[in-house]
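Undergrad: The amino acid sequence is not available; the structure is as follows:
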């Protein structure tokens, strides 16, 4: 049972300002629920610069990997409106969520993924325009990253442990 339990994961998903403002949150949530992932936490929030810096650099090392300028473009984009943060749970949830979301660069995302179906900007265009890439969602990159992100965005009282019908078929 120990190995099986390790395969049940939680992933942070953030519907970014463009997803909220374009009215795509329901469609995005629907895609995750349709495959049997369980929502164990969800809220609308307007994070401040400090939380985004902890998320993107403290955990994701964006500044370290891509530079301060790219972080600033992304921060300005993320600060344009509220986001919907959610925690999804399921069998190997982290890679499954990443598969559903598609490539970080929308132009390279496969059709059938969230980004491939609803976004198209390239990194080259966003760099030339000096703007963040509106790619609709953030999804945890690894199980280790997911644990840190979930702890940053949610406290224990905001996460729920319950059974759903999908578990009968997926666990």
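TA: Now that the structure is in, tell me what you want to look at. The structure displayed is predicted, hence computed values, not measured ones. Residues are numbered from 1 along each chain as shown.

Undergrad: List phi and psi for residue 119.
TA: With angles defined as degrees, to the nearest 10, residue 119 sits at phi -150, psi 160.

Undergrad: Do a quick rundown of the helices in this structure.
TA: Along the chain, counting by DSSP state H, helices occupy 2-7, 17-21, 25-34, 49-53, 62-66, 68-78, 93-101, 114-118, 123-129, 143-153, 166-170.

Undergrad: want to try CSV for these, with mean neighbour count and distance to residue 42 as columns?
TA: For every residue, glycine as well, the C-beta is placed using N, CA and C. Output for the helices of the chain, formatted as CSV (neighbours: other C-beta atoms under 10 Å; distance: least, C-beta to C-beta, whole Å):
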stretch, mean neighbour count, distance to residue 42
helix 2-7, 8, 23
helix 17-21, 19, 13
helix 25-34, 16, 8
helix 49-53, 13, 17
helix 62-66, 14, 24
helix 68-78, 17, 18
helix 93-101, 20, 14
helix 114-118, 21, 17
helix 123-129, 13, 28
helix 143-153, 18, 11
helix 166-170, 12, 16
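
Undergrad: how much space is there between residue 36 and residue 79?
TA: From residue 36 across to residue 79, the span is 34 Å (C-beta to C-beta, to the nearest Å).

Undergrad: returning to that earlier point: for residue 87, which of the helices of the chain is the nearest?
TA: For the helices of the chain, the distance to residue 87 is smallest for helix 143-153, at 5.4 Å, taking C-beta to C-beta.

Undergrad: which other residues reach that closest one?
TA: Contacts of helix 143-153 with the rest of the structure, by C-beta atoms under 8 Å, 6 or more residues apart in numbering, involve 9-12, 14, 41, 45, 51, 54-55, 58-60, 85, 87, 93-94, 140, 159.

Undergrad: Among the residues you listed, name the buried ones.
TA: Buried members of these, scored by 16 or more other C-beta atoms under 10 Å, are 9-12, 14, 41, 54-55, 59-60, 85, 87, 93-94, 140.
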